[in-house]
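In: let's see this in three dimensions:
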Amino acid sequence: MREPGDGGYVTDVSISAHHSPQSGPHRPDGAPDGHRTGRTGVLHAGEVTEEQFRGALARLAAGVVLVTAHDEEDGPFGAPAGMTATAFLSVSLEPPLVLVSVRTGSRMEELLERQPLWAASLLSERQRALAGRFAMKGRVSDRLLFQEVPHVLGEATGAPLVEGALAGVECRTEQRVAAGDHTLVVARVIGVWLPAAEGGPLLYYRSRYRALG
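Out: So this is what the prediction gives:
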């Protein structure tokens, strides 16, 4: 999964949930990529290790988002929670659907199982520090982090949308799919936030945050 951090919160970002290692593009010789023998660095079917899989998928640049939700069970009034993620993508235009992949058993996966309303802020190149803070293992509580992060609450979900992001989408979960050690959360977009943001997107490539260009 390509999500930055603690039990699903990006250290594990070199693997994207929406790219399957089982199949490759069609080759002129009739064999999928990675199955031709007699070439250095090319493996036979079934020989891919976790390290090799991570190394390959680390070469795919991905946008970075901050997934957020309001945890109604955290304290007497609830509290915001957040997770930096790169395994986030659009699924359908009609209806408008998106997908995020979260590590099964992580705090965010558990929260999204009982909280169907959540949001994703599409981070800008100026928000590397913010992405890093919500991906850090052993970080302080999200409640304290959000006290220092300028944000607004989504009208449809009550989930934080961070200021400075390029855009934000508010979502309602419609389907959960178990996929290996992750859970794919498919959600309908029920609100869009388009601030007057400047700059380009924040990217994650070869285990580092980067900007376009």
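
In: bridged to the residue nearest the centre of the chain, which residues?
Out: What sits nearest the mean C-alpha location of the chain, by C-alpha atoms, centre = their mean, is Ala85, with 2.7 Å. Beta-bridge partners for Ala85, by DSSP bridges, are Val65.

In: Ser121 versus that one, what's the distance?
Out: In this view, Ala85 and Ser121 are 11 Å apart by C-beta to C-beta, to the nearest Å. For the C-beta atoms, the positions are set from N, CA and C on the backbone; glycine is no exception.

In: okay, and the common contacts of those two?
Out: When C-beta atoms under 8 Å, 6 or more residues apart in numbering defines a contact, the residues bordering Ala85 and Ser121 alike are Val65, Leu66.

In: tell me which helix or strand of the chain sits lowest on mean pLDDT?
Out: When each helix and strand of the chain is scored by mean pLDDT, DSSP states H and E, helix 142-148 comes last, with a mean of 90.

In: what is that helix packed up against?
Out: Under the contact criterion of 3 or more C-beta pairs under 8 Å, 6 or more residues apart in numbering; DSSP states H and E, helix 142-148 touches strand 79-85.

In: got the contact list for the following helix or strand past the strand it packs on?
Out: Next along the chain after strand 79-85, taking DSSP states H and E as the criterion, comes strand 88-92. Residues from elsewhere that reach strand 88-92 (C-beta under 8 Å, 6+ apart): His18, Gly63, Val65, Val67, Leu97, Val98, Leu99, Val100, Ser101, Ala120, Val186.

In: what's the burial count for the fourth one?
Out: Taking other C-beta atoms under 10 Å as the neighbour definition, Val67 ends up with a count of 26.

In: name the element the nearest residue to Ala165 once chain neighbours are set aside belongs to?
Out: Nearest non-adjacent residue to Ala165, counting by C-beta to C-beta, 6 or more residues apart in numbering: Ser121, 3.9 Å away. Counting by DSSP H and E, the element that carries Ser121 is strand 117-122.

In: list the buried residues of the helix or strand just after that strand.
Out: Following strand 117-122 in sequence order, the next helix or strand is helix 128-133 (DSSP H and E). By 16 or more other C-beta atoms under 10 Å, the buried positions in helix 128-133 come out as Arg128, Leu130, Ala131, Arg133.

In: packing partners for helix 128-133?
Out: The helices and strands touching helix 128-133, judged by 3+ C-beta pairs under 8 Å, 6+ apart, are strand 208-211.

In: other SSEs contacting the strand it packs on?
Out: If you count contacts as 3+ C-beta pairs under 8 Å, 6+ apart, strand 208-211 packs onto helix 128-133, strand 202-205.
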